[in-house]
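Trainee: Turn this into a model:
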Amino acid sequence: MEDNFNGYSKCSGEHQHMHLDRAQECGIMAPLQTLALNGTDRGERKAMELLEIMSRFLDQQQEEQEAQLQASAQALPQGQGPE
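Mentor: Sure, this is the predicted structure:
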């Protein structure tokens, strides 16, 4: 499902995560940071928006991984740790 946001089409959460994963894999962070510092006013603004979205996404991913590790550790019987 897509939402209409300020006249632009916005991806659903799951689809957006897929795009953000792919963008990170392609090494888009450094060029965005450069654009945020040295671009036109509009380019700087758009790059900053994308960097903020990607930062929130990365934070969320890290929290999810930590929660999974905690759940896995709690699921192990007492006295047994990972080998």
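Trainee: Need the pLDDT of the most centrally placed residue in the chain.
Mentor: A centroid search over the chain (CA atoms, centre = their mean) returns residue 57, at 2.5 Å, as the residue closest to the centre. Note on residue 57: pLDDT of 86.
Trainee: and if you look at residue 37?
Mentor: pLDDT, residue 37: 94.
Trainee: how many other residues sit next to it?
Mentor: Residues near residue 37, counting by other CB atoms under 10 Å, number 10. All C-beta spots, glycine's among them, are computed from the backbone N, C-alpha and C.
Trainee: For residue 24, see how far away it is.
Mentor: According to CB to CB, to the nearest Å, residue 37 and residue 24 sit 19 Å apart.
Trainee: do residue 44 as well
Mentor: To residue 24, residue 44 is 21 Å away according to CB to CB.
Trainee: one step back: does the residue nearest to the centre of the chain lie in a helix or a strand, and which?
Mentor: Residue 57 belongs to helix 41-75 when elements are defined using DSSP states H and E.
Trainee: Identify each buried residue in that helix, please.
Mentor: Buried residues in helix 41-75, defined by neighbour count with 16 or more other CB atoms under 10 Å: 47, 48, 50, 51, 54, 57.
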